[in-house]
Structures are given as structure tokens and as C-alpha cells.
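S.K.: Generate a structure from the sequence data that follows.
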Amino acid sequence: MPGMGGIELFQHVQVMERMNDDGIAPPPAFVLMTTIHLDTKSRDDAAAQIQHALDIGFADAMLKPVSIDKLIQIIQNLEPKTPQADDKLEKTIEWLRHGIDVIVADNAREAMTNLQVELQNQLRGLDDKLSKLDSAPQNAVANK
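M.R.: Residues are numbered from 1 along each chain as shown. Next up, the predicted model:
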């Protein structure tokens, strides 16, 4: 996140006072989502970050790319089992699935646009080569 890391955000949220109909509400659960790079130093740093996050109170941690099924499982384990919680969980799952669908659709649109541009560039290149081939015999005859 630009400007603030997830652990820093977590620490700020933990000290915020929040209220609901029952009075003071507990802080929300946080799930760390991080990427581990292939070099050893980054792997060690990421492992330490994950352990630190769990030690200070994160509910769980996930590696990117995030599995929507794993995220749903984590959310299900966080929610108390009541009809209201089940309804809220279903709405959250529906919202997450919609969000993933939007991201996938946006990525597909971007990929298709990039592919279209690339194909147009290749076609222009082929057109240029064909034009040169078409004019080459005429130039050869004219030079004799």
C-alpha cells in the first residue's frame, strides 16, 4: 500500500475506538497478504514479516496470488456461527467473488487491448514488408 504498510495500518486500527449497537466494538480482524520473492533475503524477510504479523494479532496470513477459496475459508473461521453472521458471510463472499470477477474482467480487457495493439503493429510490419517486396521487382527491372 502506498504510504503505509499493512502492519502499520493494523497497529493504527487497533488503538481506534469504535462503537456498535452493543457498545464498544472490537477491532476488525486482519489477514496479511504478502508476496515472497525468489531471492533468499526476500524469503527470509517475508517469513519474518508473516511471523511478526501473527505475533502481534493478525488473524492469518496468505501469500499472493491470493486464493479466493482460501480467503473465504479464513473469513468463515473468523465469523461467529449465527444466522446473522451466516447472512453477512454470504454477502461478503458474494462481494469478494464479484470483486475477483471485476479484476479478472479488467485484466482480460487489458490483455485483449494489448493483444490487439500488438497484432495491429505486426500487421503494419507485414504490410510494410509486402510493400517493399512489391516494389522490389520493379526497382530491379528499372536498374537493368
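
S.K.: can you pull the buried residues of stretch 39-56?
M.R.: Neighbour-count burial for stretch 39-56, with 16 or more other CB atoms under 10 Å as criterion, is recorded at 46, 49-50, 53. C-beta: built from backbone N, CA, C; applies to glycine.

S.K.: Nearest the middle, which residue of the protein would you pick?
M.R.: When the chain is reduced to its mean C-alpha position, the nearest residue by CA atoms, centre = their mean turns out to be residue 65, at 6.7 Å.

S.K.: pLDDT score assigned to it?
M.R.: Among the per-residue scores, residue 65 holds a pLDDT of 85.

S.K.: Can you tell me the SS state at it?
M.R.: Using DSSP: H, G, I helix; E, B strand; the rest coil as the criterion, the local structure at residue 65 reads coil.

S.K.: chain center to the helix or strand of the chain with the lowest mean pLDDT, what's the gap?
M.R.: Across the helices and strands of the chain, mean pLDDT, DSSP states H and E gives its lowest value to helix 83-143, namely a mean of 76. Helix 83-143 sits 19 Å away from the centroid of its parent chain (CA atoms, centre = their mean, to the nearest Å).

S.K.: Let me see the domain layout of this structure.
M.R.: Using automatic domain parsing, the domain parsing of the chain gives 1-66, 81-144.

S.K.: for the buried residues of stretch 39-56, which one is nearest residue 124?
M.R.: Looking at the buried residues of stretch 39-56 and their distance to residue 124, the nearest is residue 46, at 43.9 Å (CB to CB).

S.K.: what does the helix or strand hosting the closest one contact?
M.R.: With the criterion set as DSSP states H and E, the secondary-structure element containing residue 46 is helix 40-56. Helix 40-56 has contacts (CB atoms under 8 Å, 6 or more residues apart in numbering) with 6-7, 10-11, 30, 32, 34-37, 60-61.
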